[in-house]
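Enquirer: Next come a sequence and a model predicted from it.
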Amino acid sequence: MATLIDIQNLAKSYTRGKQKVEVLHHVDLTIAEGDFLALMGPSGSGKTTLLNLIGGLDAPSAGSISVGGQRIDQLGGGALAKWRASNVGFIFQFYNLMPMLSAQRNVELPLLLTKLSAAQRKKNASIALQLVGLADRASHKPSELSGGQQQRVAIARAIVSDPALLVCDEPTGDLDRQSAEDVLGLLQQLNRDHGKTIVMVTHDPKAAEYASHTLHLDKGALVEQGAFA
Amino acid sequence: MKYLHLIWAALFRRKTRTVLTLVSIIAAFLLFGMLDAVRTAFDSGSQGIVGVDRLVTSSRYSIIQPLPESLGARIATIPGVRDVGHANWFGGIYQDPKNFVFSYAVSPNYLDLYPEIHLSAEQRKAFDGNRTGAVIGDKLAQKYGWKVGDKIPLQSTIFPLKNGSKTWTFDIEGIYTVDKDAANGLDQLFMLHWKYFDEANAFGNGTVGWYVDRLTDPALGDRVAHAIDALSANSDHETKTQTEQAFSASFAKQLGDIGLIVGSIMGAVFFTLILLTANTMAQAVRERTSELAVLKTIGFSSRSVLALVLAESVLLLLIGGVIGLGLAAVLAPAIGKGSGGMINLPPVGAGSWAMGVGLMVLIGLVVGALPAWRAMRLNIVDALAGR
């Protein structure tokens, strides 16, 4: 399978006050198209930082990141925002939906950045909601939905613009077991049936079992690579 | 337009806070509309085409300084002057001090100087023939229900009769109408004979308050004004001749600089409004930090986020401001009606609307600038992590 993500000698450090904190160092990683990768590791190991760098939310201190052949570490703020809009879908632990918008409107958000007509945006959002099994909740606001349903709306928002890559930060961290399984099953379905490449950060070994590969990070470095299924 | 629902939803995320802020904005722009109408009313004493062929000559030092009646005949000899009339402030009160009647004691030809005043020949004849007669504007007649033939007692605020009484009695001999474009308030005047006024009042000494000089050609205004003022140069009654509009403005300035008063009040109101609305916007954006970070995450550029926040604050000002000015537009005529014509506020005009909308956009941009700048500079990773 072709490589989608190619990370070379990646390093990331932050300055907190007068202290420089090395969060990631010398990370080399390739992720194939259609892969479902779980990133695990203790708190502070750099999982979310790596995920943010892969998703173009943050810039590395050193090294390179190519996604689909594009060196995203070389993109400026505006270009990176455009790149994210068309190439990456984001799923967060706490869903991060707009509380004042309906599920439908939340899912439509990324499409506002496209040239689609209002009718086409609505149609695409409806399809995405259908895909996650929430077509009948389109007019509901997040506060009227359960945690699992909110996360499924967030997944619909992540896939509505049909990105090749989904990055998920603890997507089941705030869900009960049943809801978590539903969400993970949905991600697996998106990976298997729709060919989405997924990179997921999780603390939960059971969640990691849904992925095709697991990587462990510790103190900012990759320490182990395992494979499931 | 496709972002409107997003901006709208953000605006009404906290309904109570937004409504309370809107009420403040509405109140501020209602006040702006009313005060600007007051300013306009004072500024528009006799603007426009009507009255351009009239000059007003008054004392150079103060409008309350009288001028000799004999000056009228000398003014009439100046080339370019078609006719000269004169008037004196009477200042009448009808029954109650709150019923103030704008009343002038006028020369016999005074009405001829105002072609925009229409009085029937029969009523004019009756007025000319009755020493204690008076003619009044139709709005004034409506206000007090006066009609031709009524005997009206007016108490002068300044001039007592020779017997010491301040109550004068006049016979309404005519009710006139005015053209639509006539100066504000002309249809609410009470005009009595200067001759009777001068003879009957305790201070009568053959003086007048001001002269109205009708020109043969409006283009001669400057030259004629200089010539009139030259007649009294170095005398004890030096004059100042000016256009009717300038005279009205200087008359209004006797009350104070209305523009400055209105400007000062509005400055204070808008300053308070800016502080209040800026606080609202700052709070609204601060509590939406993670949502704004999500927008940036899914691909909204920093500039788009800046524009969204600015649009939100401008929309807030526009909603409140348009409602406030709209209320002022409705209330100004209603106040006029309610006061029975005592207070005449012109409707909120295109100029006030244009200035109002300009202020709404400007204040919106000012109060939105800092939160929008912060939203634009928001670091996604820090904001999502709640730092």
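Expert: Nice, thanks for sending it over.
Enquirer: any idea what sits nearest the one residue in chain B that gets nearest to chain A, other than its immediate chain neighbours?
Expert: Nearest residue of chain B to chain A (CB to the nearest CB) works out as B:G299 at 2.5 Å. All C-beta atoms are positioned from the backbone trio N, CA, C, and that covers glycine. Nearest in space to B:G299, with sequence neighbours left out and distances taken as CB to CB, 6 or more residues apart in numbering or on different chains, is A:A85 at 2.5 Å.
Enquirer: all helices for the stretch 1-150 of chain B, in order.
Expert: Shown for the stretch 1-150 of chain B, the helices assigned by DSSP state H, counting those that start in this stretch span residues B:4-11, B:15-43, B:71-75, B:121-129, B:138-144.
Enquirer: Alpha carbons of the strand ranked longest in chain B, as PDB, please.
Expert: Counting residues, the longest strand found in chain B (DSSP state E) is strand B:167-178. What follows is strand B:167-178 as a C-alpha-only set of coordinates in PDB (Å, rounded to 0.1, in the frame of the first residue of the first chain):
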ATOM      1  CA  THR B 167     -52.800  90.000  30.800                       C
ATOM      2  CA  TRP B 168     -53.500  91.100  27.300                       C
ATOM      3  CA  THR B 169     -56.600  90.200  25.400                       C
ATOM      4  CA  PHE B 170     -56.700  89.700  21.700                       C
ATOM      5  CA  ASP B 171     -59.400  88.900  19.100                       C
ATOM      6  CA  ILE B 172     -58.600  86.100  16.800                       C
ATOM      7  CA  GLU B 173     -59.300  87.600  13.300                       C
ATOM      8  CA  GLY B 174     -57.600  85.000  11.100                       C
ATOM      9  CA  ILE B 175     -56.100  81.600  11.000                       C
ATOM     10  CA  TYR B 176     -53.400  81.100   8.400                       C
ATOM     11  CA  THR B 177     -51.800  78.100   6.700                       C
ATOM     12  CA  VAL B 178     -48.300  77.800   5.500                       C
END
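Enquirer: Adjacent strands (with direction) for whatever helix or strand comes next after that strand?
Expert: Once the chain leaves strand B:167-178, the next helix or strand it forms, by DSSP states H and E, is strand B:190-193. Neighbouring strands of strand B:190-193 in its sheet, by DSSP bridges, are strand B:103-106 (parallel), strand B:133-137 (antiparallel).
Enquirer: The longest one vs strand B:167-178, what angle?
Expert: Strand B:133-137 and strand B:167-178 are oriented at 40 degrees to each other (axes from the mean of the first three to the mean of the last three CA atoms, to 10 degrees).
Enquirer: can you list contacts of strand B:133-137?
Expert: Here strand B:133-137 makes contact (CB atoms under 8 Å, 6 or more residues apart in numbering or on different chains) with B:111, B:119, B:123-124, B:126-127, B:146, B:152, B:170-178, B:186-193.
Enquirer: Just the angle for it relative to helix B:121-129, thanks.
Expert: 130 degrees.
Enquirer: Okay, strands next: where are they in chain A?
Expert: With strands called from DSSP E, chain A shows them at A:3-16, A:19-32, A:36-40, A:62-67, A:70-71, A:88-91, A:165-169, A:197-201, A:213-218, A:221-227.
Enquirer: Dump those strands into TSV; add mean pLDDT and distance to B:L161 as well.
Expert: What follows is the strands of chain A, written out as TSV (pLDDT from 0 to 100; distance: least, CB to CB, whole Å):
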stretch	mean pLDDT	distance to B:L161
strand A:3-16	91	92
strand A:19-32	90	95
strand A:36-40	94	103
strand A:62-67	94	100
strand A:70-71	92	99
strand A:88-91	95	91
strand A:165-169	95	94
strand A:197-201	95	99
strand A:213-218	91	105
strand A:221-227	67	109
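Enquirer: With mean neighbour count as extra columns, can I get the ones you listed in TSV?
Expert: Below are the strands of chain A laid out as TSV (neighbours: other CB atoms under 10 Å in any protein chain shown):
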stretch	mean neighbour count
strand A:3-16	16
strand A:19-32	16
strand A:36-40	24
strand A:62-67	18
strand A:70-71	12
strand A:88-91	26
strand A:165-169	26
strand A:197-201	26
strand A:213-218	19
strand A:221-227	13
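Enquirer: between those, which gets nearest to B:L317?
Expert: Ranking the strands of chain A by their distance to B:L317 (criterion: CB to CB) puts strand A:88-91 first, at 33.5 Å.
Enquirer: Summarise which helices and strands that closest one is packed against.
Expert: When contacts are defined as 3 or more CB pairs under 8 Å, 6 or more residues apart in numbering or on different chains; DSSP states H and E, strand A:88-91 packs onto helix A:147-159, strand A:165-169.
Enquirer: Lowest-scoring secondary structure element of the chain by mean pLDDT?
Expert: Picking chain A for this. Lowest mean confidence among the helices and strands of chain A (mean pLDDT, DSSP states H and E): strand A:221-227, at a mean of 67.
Enquirer: um, chain B though
Expert: Ranked by mean pLDDT, DSSP H and E, the weakest helix or strand in chain B is helix B:244-253, scoring a mean of 69.
Enquirer: one step back: okay, the strands of chain A in a markdown table with distance to B:D36 next?
Expert: Below are those laid out as a markdown table (distance: least, CB to CB, whole Å):
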| stretch | distance to B:D36 |
| --- | --- |
| strand A:3-16 | 54 |
| strand A:19-32 | 58 |
| strand A:36-40 | 63 |
| strand A:62-67 | 58 |
| strand A:70-71 | 57 |
| strand A:88-91 | 50 |
| strand A:165-169 | 54 |
| strand A:197-201 | 59 |
| strand A:213-218 | 66 |
| strand A:221-227 | 69 |
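Enquirer: Show me which residues of chain A are close to chain B?
Expert: Neighbours of chain B within chain A, by CB under 8 Å from any CB of the partner chain: A:48, A:52, A:55, A:57-58, A:77-78, A:81-82, A:84-86, A:90, A:92, A:96, A:98-101, A:105, A:109-110, A:112-113, A:118, A:157.
Enquirer: Tell me the buried residues within those.
Expert: Buried members of the residues of chain A next to chain B, counted by 16 or more other CB atoms under 10 Å in any protein chain shown: A:48, A:52, A:55, A:57-58, A:81, A:84-85, A:90, A:92, A:96, A:98, A:100-101, A:105, A:109-110, A:112-113, A:157.
Enquirer: give the contact list for the nearest residue to B:A328 once chain neighbours are set aside.
Expert: Nearest in space to B:A328, with sequence neighbours left out and distances taken as CB to CB, 6+ apart, is B:G33 at 2.4 Å. Taking CB under 8 Å, 6+ apart, we find B:G33 in contact with B:324-325, B:327-329, B:331-332, B:348, B:352, B:356.
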